[in-house]
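Fold the following for me, if possible:
(chains A, B, C and D)
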Protein chains: 2
Amino acid sequence: MNAPKLARVIDIRALKSACSNCSLREMCLPIGLSQDELDKLDQMVYTRKRVKRGDSVYRSEEKFGSLYAVRSGFFKTTLVMEDGRDQVTGFHMAGDMLGMDGIGADQHSCNAVALEDSEVCVIPYGRLEELSRELHVLQQHFHKVMSREIVREHGVMLLLGSMRAEERLAAFLLNLSQRFTSRGYSASEFNLRMTREEIGSYLGLKLETVSRTFSKFQEDGLIGVQQKNIRILDSAGLKSVLGRDSA
Amino acid sequence: MNAPKLARVIDIRALKSACSNCSLREMCLPIGLSQDELDKLDQMVYTRKRVKRGDSVYRSEEKFGSLYAVRSGFFKTTLVMEDGRDQVTGFHMAGDMLGMDGIGADQHSCNAVALEDSEVCVIPYGRLEELSRELHVLQQHFHKVMSREIVREHGVMLLLGSMRAEERLAAFLLNLSQRFTSRGYSASEFNLRMTREEIGSYLGLKLETVSRTFSKFQEDGLIGVQQKNIRILDSAGLKSVLGRDSA
DNA sequence: TGGGAATGTTGATGTGGATCAAACCAATTC
DNA sequence: GAATTGGTTTGATCCACATCAACATTCCCA
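This is a model prediction of the structure:
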């Protein structure tokens, strides 16, 4: 009985899915575009896709065709080795771009999995190429997005290659906090969307180590932890954990 | 007395520096371009630059302006943490592209240092943008290059996050071997251009561990090591080190 | 051509984080 | 409201790699 009504509501929402009135337009592809250019972008991004918690936007080996802008929700990207070991290579939230790994070999090289019910904007890659040949600003922005992904990964390499467990966790929390802040959320309190195991996988640690280190940070008065809820009590203290030679 | 003659030789060589008759054109930017398009590329890449061993092409924080295609020689890229710890983020040889980390923030975020006397082609980034708006093939190729850099870094993250020392070294050697092969050099014998310390830094290990592991591989008959000279004696064996649960 | 600085090897010992194991807790589900 | 399930915490022990140290080798360049 309610079904038709619900469907209509969704239709209306879909109509409004255009980039030009998206609340994320200041941190997504539309940055710096004029109204005119935005209209063109609207024609390119015509699909939104809901992704339920646990489902994936794309999987490794899958044919590449589109990029995805996270509209809402939270994702992880993971790599799987032949022997089954897998590793989280990133966590992604609203405004982040997914799928750029697929361009090089025309197939995806990792899995993008939703950690909560989420929504992405589907950006057909061919259209993006076309449009970015036309719109200099869009081209520039797209290149910047890719470049920043490279730099982000540099950071992770640094973390994995030269930091101790406490430093990794501190860097992780500070990074999350900073990203939440830039999206208008509280810098000092947030809910983790991922498990200790996923954090560990991302940071090259075991989940027990993650848990222990959280506990230690709590004892030291740096953070408050209650399951997935994190309060950052002493962000300067956390920063000083980074680049501290030893315990 | 010889100087003028030498200078003229260099001039001639400089004239021939065009992409269209570069021996690397099949693994560098020119891939897939028609003669016509190649001519345009030639106009873009008009500078070659010699880089002496130990010198850098660019340094972290430096203003970004150009990309660099390695023409000959060998480079490492490194990141430095505030506290001085530094980490090698990659090794780069002929045909590789350097500097893409700089696009995002309009300044470089790592150092690119020559490990032997080398030569790079300077690609002014503005020109590349321009030209790739014109030449679809070039645009595609450039995007692929960036994407592959992302995928390469994914691989390093996997290595740093989930592999043990022996696996890291094995993966490293196989990767080098494969890259030499694709450049027409021997897959089974090559000279390392970097020190044990640099290898260790790249792999998240100490130089002693690198040295010991090389020795172990040698004892096991997998490789022959003599200082910087490496012979791969049993590449299948090396592959089987990867993804082996334990010693 | 020799002497000193880098670089590399190998051994002995130490330790941070992994592993193994056991509770504990919160959220569902029956 | 008992039972199940997925996630988290905490303790005891272990081990892969780091660290410290001594020596060997190679590379420079004075």
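
ok so A:Ala69 is a strand residue?
Yes. Using DSSP: H, G, I helix; E, B strand; the rest coil, the assignment for A:Ala69 is a strand.

I'd like to know how many residues surround it.
Applying other CB atoms under 10 Å in any protein chain shown, we find 26 residues neighbouring A:Ala69. Bear in mind the C-beta positions are built from the backbone N, C-alpha and C, glycine included.

need the contact list for it.
Applying CB atoms under 8 Å, 6 or more residues apart in numbering or on different chains to A:Ala69 gives the contacts A:24, A:28-29, A:45, A:95-98, A:120-121, A:123.

A:Gly243 reaches A:Ala171, doesn't it?
No. Assessed by CB atoms under 8 Å, A:Gly243 is found out of contact with A:Ala171, at 9.8 Å.

neighbour count winner among those two?
A direct count of neighbours by other CB under 10 Å for A:Gly243 and A:Ala171 places A:Ala171 higher, at 21 against 15.

how big is the angle separating the longest helix seen in chain A from helix B:136-162?
Ordering each helix of chain A by length in residues (DSSP state H) puts helix A:136-162 first. Helix A:136-162 runs at 20 degrees relative to helix B:136-162, counting by axes from the mean of the first three to the mean of the last three CA atoms, to 10 degrees.

so what's A:Leu67 up against?
For A:Leu67, the contact set (CB under 8 Å, 6+ apart) comprises A:97-100, A:123, A:125, A:128.

Redo those residues as JSON lines? Include neighbour count, distance to chain B and pLDDT.
Below are those laid out as JSON lines (neighbours: other CB atoms under 10 Å in any protein chain shown; distance: CB to the nearest CB, whole Å; pLDDT from 0 to 100):
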{"residue": "A:Met97", "neighbour count": "20", "distance to chain B": "11", "pLDDT": "97"}
{"residue": "A:Leu98", "neighbour count": "23", "distance to chain B": "11", "pLDDT": "98"}
{"residue": "A:Gly99", "neighbour count": "23", "distance to chain B": "10", "pLDDT": "98"}
{"residue": "A:Met100", "neighbour count": "22", "distance to chain B": "6", "pLDDT": "98"}
{"residue": "A:Ile123", "neighbour count": "26", "distance to chain B": "13", "pLDDT": "94"}
{"residue": "A:Tyr125", "neighbour count": "18", "distance to chain B": "9", "pLDDT": "97"}
{"residue": "A:Leu128", "neighbour count": "20", "distance to chain B": "9", "pLDDT": "96"}
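
which ones among those residues are found in helices?
The helices, defined by DSSP H, take in A:125, A:128 from the contacts of A:Leu67.

Generate TSV for the contacts of A:Leu67, with distance to A:Gly200 as supplementary columns.
Formatted as TSV, the entries for the contacts of A:Leu67 read as follows, by distance: CB to CB, whole Å:
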residue	distance to A:Gly200
A:Met97	25
A:Leu98	22
A:Gly99	25
A:Met100	25
A:Ile123	32
A:Tyr125	33
A:Leu128	35
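
nearest to DNA strand D, of the contacts of A:Leu67?
Proximity of those to DNA strand D (CB to the nearest atom of the strand) peaks at A:Leu98, which lies at 21.3 Å.

The closest residue in space to that closest one that isn't next to it in sequence and A:Thr89, how far apart?
Closest residue to A:Leu98 apart from its sequence neighbours, by CB to CB, 6 or more residues apart in numbering or on different chains: A:Tyr68 at 4.4 Å. A:Tyr68 sits 15 Å away from A:Thr89, going by CB to CB, to the nearest Å.

And A:Gly224, by the same measure?
Here A:Gly224 is placed at a distance of 29 Å from A:Thr89 (CB to CB).

close enough to count as contact, A:Tyr125 and A:Ile103?
Yes. Using CB under 8 Å as the test, A:Tyr125 is close enough to A:Ile103 to be in contact (7.0 Å).

any shared contact partners between the two?
A:Phe64.

the helices in chain A, which residues?
For chain A, the helices defined by DSSP H occupy A:3-15, A:35-44, A:125-134, A:136-162, A:165-182, A:196-203, A:207-219, A:235-241.

Columns distance to B:Lys76 on top of these, output as a markdown table?
Output for these, formatted as a markdown table (distance: least, CB to CB, whole Å):
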| stretch | distance to B:Lys76 |
| --- | --- |
| helix A:3-15 | 50 |
| helix A:35-44 | 39 |
| helix A:125-134 | 32 |
| helix A:136-162 | 13 |
| helix A:165-182 | 23 |
| helix A:196-203 | 25 |
| helix A:207-219 | 30 |
| helix A:235-241 | 29 |
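
Need the winner for burial among the ones you listed.
A comparison of those by mean neighbour count, using mean count of other CB atoms under 10 Å in any protein chain shown, puts helix A:196-203 on top with a mean of 22.

Compute the inter-axis angle for that helix and helix B:136-162.
120 degrees.
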